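Colleague: Give me the fold of what follows.
(one chain, ligands or ions: 3)
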Amino acid sequence: MKEIKGTTKLCGLVGNPVEHSISPLIHNNLSKLKDIDMVYTTFRVEDEDVDSAIKGAYALGIVGLNVTVPHKQRVMESLVAIDPLAKAIGAVNTLVRDEKGFKGYNTDILGLERELMDEGLSIKNKTCIILGAGGAAGAITFLCASREAKKVFVINRSLDKANSIKEAVNAHFNSDIVEVLGLDEYERIEDNDCLCIQCTSVGLYPNVEDVIISDDAFYKKLSAGVDIIYNPYRTRFMKLCNKAGKKAYNGLKMLLYQGVCAYELWTDTKISASECQKIYTKMRAHMAGNIILIGFMGSGKSTFGKWIAKHKDMEFIDTDDYIESKENMSINEIFETKGEEYFRELETSVVKELQAKLTNCVISVGGGLVVKPENQKLLANMGKVVYLETPKCELIKRLSSSNNRPLLKDVNLSDRIDELMEKREEIYKKAATVKVDTANRDFEDMYKDIINS
Ligand SMILES: Nc1ncnc2c1ncn2[C@@H]1O[C@H](COP(=O)(O)OP(=O)(O)O)[C@@H](O)[C@H]1O
Ligand SMILES: O=C(O)C1=C[C@@H](OP(=O)(O)O)[C@@H](O)[C@H](O)C1
Ligand SMILES: [Mg+2]
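Modeller: Ligands and ions are numbered 1, 2, ... in the order given. Predicted structure coming up:
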């Protein structure tokens, strides 16, 4: 992080609880990308303190705030102005400085709209299905109505809550655009090209096998499904959409874009698509939570990886071991009988496989795996990529009696290290989120470098 100075601006998140939030990651990385001298942190605020917290924040010159549960409604009483969309929805998640106090916006909804645009999903003239009838469902029903959906069906177990959304939105637009259906009444929807937005918490981690509607026939009615849940990354709802041959998206982009929209309001900047992509990769890596060790042969990836797993109670996977057991051959044999190219293809397919299934693991990869740009991209989404940097003299000590590394067979070790390092050193540095020096360090100390980064 950049040094915090007297001129550093402050933003933050007000809610209760807030410590788990991914928003600091979004905003602090945006400031880094845009080279803006601003930090973002969290403020846990009790119900009765919301008003004084907001007024105090204004007095302190705080540039902007996000607001999360349970204060998104209550905070509206402490504002000098409210954007019409947020007012109609009845919830505010972003505060922007105005002349005499904060003005409220709802970038949750603007974020969802931006996600839909990003994925090429249009609301206009579309039949929309909203699953659920809580706060998010109400807001998204409002969004669909305001963006000229053909019809909006709110499907929920309790019809009472769904009916109050219907009444509020229909009254606001003076139309009958919203209709309510029970969970088993979806056959009444005639369209087979609906955009469905899953707005319940059913399927949220740890209840990952749950889903609000499990009938395949329901998913045949959709053109695409969006789940506002992002943990797990692929929910059962999304799997059922895919099973019916329909596209499915999770809520992580919505979360990204609610942050991006807020950041743009606070800083009067525009975040480009490629900048959004960079933040999104970091969010995915954070969610996946793996520690990935990269570096030259002999830098200690396999040894240190096993140590972390054992001492920090994590699972461990070494891509070389994984490949050996899959192929039922040693790395030496694979290189001898099938060639290096074949091995490199195996590495990519293994990384793809691991990306889809591993979270919170330690992964040590072969020293050449990160050379392929495709693999670099995959790893960047999987967690913290840690480069174990080791001086040549140390590598020579560690590798001189190695006989299971085909690239070091029958060569002058020093020359081979020079030759490969010239090609790889920059790649290791660029691919890494954090660099850890391995010479004369104990593992506990090296581990601290990783978690403190
Ligand atoms: N930090 C370290 N200090 C001293 N020796 C180490 C260190 N890390 C690994 N080694 C030794 O170096 C050799 C290569 O380590 P290994 O974990 O196989 O590296 P990699 O998987 O990066 O090729 C092993 O003999 C291991 O015991
Ligand atoms: O650097 C490389 O290209 C290789 C490194 C090895 O793994 P380690 O880095 O664990 O030795 C292994 O994947 C293979 O021998 C090729
Ligand atoms: Mg290894």
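Colleague: And Y230, how far from L255?
Modeller: To L255, Y230 is 6 Å away according to CB to CB, to the nearest Å. Backbone N, C-alpha and C define where each C-beta goes, glycine included.
Colleague: residue in this protein nearest to ligand 1?
Modeller: G300 (2.6 Å; CB to the nearest ligand atom).
Colleague: For R424, list the residues it contacts.
Modeller: 296, 367-368, 370-371 (CB atoms under 8 Å, 6 or more residues apart in numbering).
Colleague: Let's see if you can find the most crowded of those.
Modeller: Among those, V370 has the most neighbours (other CB atoms under 10 Å), with 25 neighbours.
Colleague: which stretches of the protein aren't confidently modelled?
Modeller: Counting by pLDDT under 70, the low-confidence segments of the chain come to 1.
Colleague: Just want the residue of the stretch 101-250 of the chain that's nearest ligand 3.
Modeller: Going by CB to the ion, ligand 3 is nearest to Y233 of the stretch 101-250 of the chain, at 27.7 Å.
Colleague: so that residue touches M287, yeah?
Modeller: Yes - at 6.5 Å, Y233 counts as touching M287 under the criterion of CB atoms under 8 Å.
Colleague: any residues in contact with both of the two?
Modeller: Common neighbours of Y233 and M287, using CB under 8 Å, 6+ apart, are L252.
Colleague: List the contacts of stretch 427-445.
Modeller: Applying CB under 8 Å, 6+ apart, the contact partners of stretch 427-445 are 285, 294-296, 299-300, 304, 307-308, 311, 370-371, 376, 379-380, 384-391, 394, 446, 449-450, 453.
Colleague: hang on, S402 in a strand?
Modeller: No - going by DSSP: H, G, I helix; E, B strand; the rest coil, the assignment for S402 is coil, not a strand.
Colleague: residues contacting the nearest residue to it once chain neighbours are set aside?
Modeller: Nearest residue to S402, sequence neighbours excluded (CB to CB, 6 or more residues apart in numbering): L408, at 6.0 Å. The neighbours of L408, taking CB under 8 Å, 6+ apart as the test, are 297, 399, 402, 416.
Colleague: Now find how far off-centre stretch 115-127 is within its chain.
Modeller: In terms of CA atoms, centre = their mean, to the nearest Å, the centre of stretch 115-127 is found 21 Å from the chain centre.
Colleague: I meant stretch 132-140, not that one.
Modeller: The chain centre lies 22 Å from the centre of stretch 132-140; the measure is CA atoms, centre = their mean.
Colleague: What of stretch 368-380?
Modeller: That offset, for stretch 368-380, works out to 19 Å (CA atoms, centre = their mean).
Colleague: Output that stretch as PDB, restricted to C-alpha atoms.
Modeller: The C-alpha trace of stretch 368-380 is given here as PDB (Å, rounded to 0.1, in the frame of the first residue of the first chain):
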ATOM      1  CA  GLY A 368       7.900 -24.000 -16.100                       C
ATOM      2  CA  LEU A 369       4.200 -23.900 -15.700                       C
ATOM      3  CA  VAL A 370       3.800 -20.100 -15.500                       C
ATOM      4  CA  VAL A 371       5.700 -19.500 -18.700                       C
ATOM      5  CA  LYS A 372       2.600 -20.000 -20.800                       C
ATOM      6  CA  PRO A 373       0.400 -16.800 -20.700                       C
ATOM      7  CA  GLU A 374      -2.700 -18.900 -20.600                       C
ATOM      8  CA  ASN A 375      -1.600 -20.500 -17.400                       C
ATOM      9  CA  GLN A 376      -0.600 -17.100 -15.900                       C
ATOM     10  CA  LYS A 377      -4.200 -15.900 -16.400                       C
ATOM     11  CA  LEU A 378      -5.700 -19.000 -14.900                       C
ATOM     12  CA  LEU A 379      -3.500 -18.800 -11.800                       C
ATOM     13  CA  ALA A 380      -4.200 -15.100 -11.300                       C
END
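Colleague: Spell out whether it and ligand 1 are in contact.
Modeller: No - applying CB under 6 Å from any ligand atom, one finds stretch 368-380 separated from ligand 1 by no less than 10.6 Å.
Colleague: For the residue of the stretch 101-250 of the chain closest to ligand 3, which non-adjacent residue is spatially closest?
Modeller: Distances taken as CB to CB, 6+ apart put N250 closest to Y233, at 6.1 Å, once the chain neighbours are dropped.
Colleague: The stretch 301-450 of the chain against ligand 3: which residues are in contact?
Modeller: When proximity is defined as CB under 5 Å from the ion, the stretch 301-450 of the chain approaches ligand 3 at 301-302.
Colleague: Show me where the stretch 301-450 of the chain has its strands.
Modeller: For the stretch 301-450 of the chain, the strands defined by DSSP state E, counting those that start in this stretch cover 315-318, 361-364, 383-389, 434-437.
Colleague: and among the ones you listed, the most buried is which?
Modeller: strand 361-364 (a mean of 26; mean count of other CB atoms under 10 Å).
Colleague: elements contacting it?
Modeller: Secondary-structure packing of strand 361-364 (3 or more CB pairs under 8 Å, 6 or more residues apart in numbering; DSSP states H and E): strand 290-294, helix 301-311, strand 315-318.
Colleague: can you count the residues close to V180?
Modeller: Residues near V180, counting by other CB under 10 Å: 21.
Colleague: and the strand or helix carrying it, how far out from the chain's middle?
Modeller: Using DSSP states H and E, V180 sits in strand 178-181. How far strand 178-181 lies from its chain's middle: 32 Å, per CA atoms, centre = their mean.
Colleague: Any buried residues in stretch 112-124, and which?
Modeller: For stretch 112-124, the neighbour count (16 or more other CB atoms under 10 Å) marks 112-116, 121, 123 as buried.
Colleague: gap between the two ends of that stretch?
Modeller: Distance across stretch 112-124, first residue to last, is 15 Å (CA to CA, to the nearest Å).
Colleague: Name the residues that touch that stretch?
Modeller: Stretch 112-124 has contacts (CB under 8 Å, 6+ apart) with 140, 143-144, 147-149, 195, 197, 224, 226, 228, 247, 249, 253-254, 256-258, 260-261.
Colleague: Which ones among the residues you listed lie within helices?
Modeller: When the contacts of stretch 112-124 are checked against helices (DSSP state H), the matches are 140, 143-144, 253-254, 256-258, 260-261.
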